[in-house]
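>>> sharing a model that was predicted from the sequence below.
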Amino acid sequence: MSHPLQIGLLIFPKVTQLDFTGPLQVFSSLPAAVAKIHLVWKRIEPVPTDTVMMLTPTISFADCPQLDVICVPGGFGTNDLVNDEETLDFLRAQAGAAQFVTSVCTGSLVLGAAGLLEGYRAVTHWSAMDYLAAFGAIPTKTRVCVDRNRITGGGVTAGIDFALTLVAMLVDRKTAEAIQLGIEYNPEPPFQSGSPDRAPPEVLALIESRMAPFRQRRAEAVVRAAARLNEPAGG
């Protein structure tokens, strides 16, 4: 490899930090000669997550080099990003020459709003799967979805699976397995309630009731974004 891969993870207000810190840990396990990692946002200023954690981008949109891998994580902030033309323009510009265009969780909705998933199979958080089709994507129920150079991960913790899958494609399987061992990614969850298919009905009902207001806002944002995407050029 003549020069390090340029890997950029988008950060934004109300991002779910685990969506990108899982992949960040995996990618950062690659030697500096193999990969250079960027945390990208419009400006270099602290960005609030959906927890008490604040993040600081390492590079702005304007200064970002052409990326080999662009990754959009998810979080409630994606409700705003799907109609944020500055961000969508940045993703479109980067996607043209990127080796891989990727996302974790509801970050796939942002890729969709940028017109980057039309005709591609994709996955997102289980609560947002119904919105992918609005952008011409083909919803695919899997932990990690690979369709040509589009790689999308499911909700939150699937970001680690996504990143290990991508490292195996970018470098080789041995490197990915070594990283997996190094971070001791050997999940044995205490409960089998990590998907709506296996969660007890009362647990599913509880989380769906908590998510209802956010899903309503997301639905409205997706309708606007899909309409914008389908506007005639110059409209």
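Thanks, I have it.

>>> drop to CA atoms for contacts and neighbour counts, all remaining ones
OK.

>>> what segments of the protein are helices?
Taking DSSP state H, the helices of the chain run over residues 17-28, 78-81, 85-95, 107-113, 158-170, 173-182, 201-229.

>>> for residue 3, which of these is the nearest?
Across these, residue 3 has its closest neighbour in helix 158-170 (13.2 Å, C-alpha to C-alpha).

>>> if we go by neighbour counts, what in that closest one is buried?
158, 159, 160, 161, 162, 163, 164, 165, 166, 167, 170 (16 or more other C-alpha atoms under 10 Å).

>>> number of residues surrounding the closest residue to the first one other than its chain neighbours?
Distance criterion C-alpha to C-alpha, 6 or more residues apart in numbering; nearest residue to residue 158, sequence neighbours excluded, is residue 143 at 6.2 Å. Other residues near residue 143 come to 17 when the count uses other C-alpha atoms under 10 Å.

>>> could you report the distance from residue 143 to residue 154?
Remark: distance between residue 143 and residue 154 (C-alpha to C-alpha, to the nearest Å) = 5 Å.

>>> low pLDDT regions in this protein?
Along the chain, segments meeting pLDDT under 70 span 1-2, 233-235.

>>> I'd like the buried residues of helix 158-170 as TSV, with distance to residue 82 appended.
Supplementary listing: the buried residues of helix 158-170 in TSV, determined by distance: C-alpha to C-alpha, whole Å:
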residue	distance to residue 82
158	21
159	20
160	24
161	25
162	22
163	23
164	27
165	26
166	25
167	27
170	28
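
>>> ok, residue 214 - how many residues close by?
12.

>>> report the contact partners of it.
Residue 214 sits next to residue 76 when contact means C-alpha atoms under 8 Å, 6 or more residues apart in numbering.
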